[in-house]
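Trainee: Sequence first, then the predicted structure, then my questions.
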Amino acid sequence: MKKTTPRWASYDLICMIKYHLKQSPIHLVKKHVKGHQDDHKKFKDLDEWSQANVLADQLAKAKLRLGNTVDTDCILAGQNWMLRCNRKLITGDVECLLRNNLHEEPMRKRWCMQFGIPENEVSAVDWDTFKRVYKANPEWKKGWFAKHNARIRPVKYNLARRKHDDDLPCPCCRALETTDHTFICDDAKIEEAFIANIADLESHLRATNSKAISDSILETCKSIRYNREHTLDDDWDEELASTVSNQILLGQQAFIGGLWPKKWLNLQSEYFSRTRSRKNHRRFGWQRQSSTRKHYFIKCGRSKTQHYTKTKTVR
């Protein structure tokens, strides 16, 4: 076995396992079992080792969803030194986690200020999903979203402020082109791009969520684009309707930026548990897909429309 170092993600657990292996009088033979084999095979077709791995994974996730706190003051045999930062226990990948914990709170406050989220709503935001979706993007898309969230993309309003352009109106609809306007522009070509991207998002949602959750997410997208209240039926699930309303209240900046209320994830987890779905490990998928569709709509749809407008003008 390789020598463990504090850079490993589960440094504390691996050190304890190695300690107990060394102390045990029993000769143990190591066996590597590949994880998540149930993604590609039916559970009944797996061998007993793989089935045990799947069950252990499911039980661990079920325990985490309960939100129970762990007694970190308990000293276990073979346990290494413990390092805390901002009241959080650093258990591995020390350098990376120290940086994250030192800067996490200031960055969270900055995002709240950027998105206009009041203090009483901060705890309701799913920050874990926000980070995971952001990390899943390629570097070029991270840069795009960072510029979009900071309101520094090269829209007409910003170009005029930088004295690169003196024409403020949107080239598609002639309204003042700000960063927010790129999502709500009512030009026919922009609307066509929005419908196409909503259709792609709908296909993904139908395959990974219940119809009620899918329709609620799609209604959220439409309500924010058309700047209106949601049009869900009066007999719609009360918790889902409340979650849609909360998302709309957070505003367009938070929606495009990728900040979602925790209720979305809770509702999806309940659905997966109820249907005993094996897609629970993909529970961040629709947030990532939604982020991708919004990016393509704003960036690609706007670029194509501007090109179409300029070509038409030249002719």
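Mentor: Perfect, thanks for sending it. All of these numbers come straight from a predicted model, not from anything done at the bench.

Trainee: For the strand or helix carrying A196, what does the pLDDT average out to?
Mentor: Element membership for A196, per DSSP states H and E: helix 188-208. Averaging pLDDT along helix 188-208 yields 87.

Trainee: can you pull the buried residues of it?
Mentor: Buried residues in helix 188-208, counted by 16 or more other CB atoms under 10 Å: 189-190, 193-194, 197-198, 201-202, 204-205, 208. C-beta: built from backbone N, CA, C; applies to glycine.

Trainee: Relative to W264, how far out is the residue nearest to E105 when sequence neighbours are not counted?
Mentor: Leaving aside its chain neighbours, E105 sits nearest to N86 (6.8 Å; criterion: CB to CB, 6 or more residues apart in numbering). In this view, N86 and W264 are 27 Å apart by CB to CB, to the nearest Å.

Trainee: care to break the protein down by domain?
Mentor: Domain ranges of the chain: 11-90, 116-314, per automatic domain parsing.

Trainee: Next one, pLDDT for C112 please.
Mentor: You'll see C112 listed with a pLDDT of 84.

Trainee: So it lies in a strand, does it not?
Mentor: No. Read with DSSP: H, G, I helix; E, B strand; the rest coil, C112 is helix and lies in no strand.

Trainee: Help me confirm that it comes into contact with N120.
Mentor: No. Because the distance of 10.9 Å does not satisfy CB atoms under 8 Å, C112 is recorded as not touching N120.

Trainee: More neighbours: which of those two?
Mentor: A side-by-side neighbour count of C112 and N120, using other CB atoms under 10 Å, places C112 first with 17 against 7.

Trainee: List the contacts of that one.
Mentor: Going by CB atoms under 8 Å, 6 or more residues apart in numbering, C112 touches 119, 122.

Trainee: and the helix holding A196, what does it pack onto?
Mentor: If you count contacts as 3 or more CB pairs under 8 Å, 6 or more residues apart in numbering; DSSP states H and E, helix 188-208 packs onto helix 211-225, helix 285-295, helix 302-314.

Trainee: Check these for me: which has the lowest mean pLDDT.
Mentor: Lowest mean pLDDT within the helices and strands packed on helix 188-208: helix 302-314, a mean of 50.

Trainee: pLDDT score for the residue nearest to E105?
Mentor: In this model, N86 is scored at 76, pLDDT.

Trainee: neighbours around the nearest residue to G35 once chain neighbours are set aside, how many?
Mentor: Leaving aside its sequence neighbours, G35 sits nearest to N53 (CB to CB, 6+ apart; 6.2 Å). Residues lying near N53 (other CB under 10 Å) number 18.

Trainee: residues contacting E239?
Mentor: For E239, the contacting residues are 263, 267, by CB under 8 Å, 6+ apart.

Trainee: Please enumerate the helices of this protein.
Mentor: Per DSSP state H, the chain carries helices over the ranges 11-23, 48-65, 94-115, 127-136, 139-149, 156-161, 181-184, 188-208, 211-225, 238-250, 252-257, 262-275, 285-295, 302-314.
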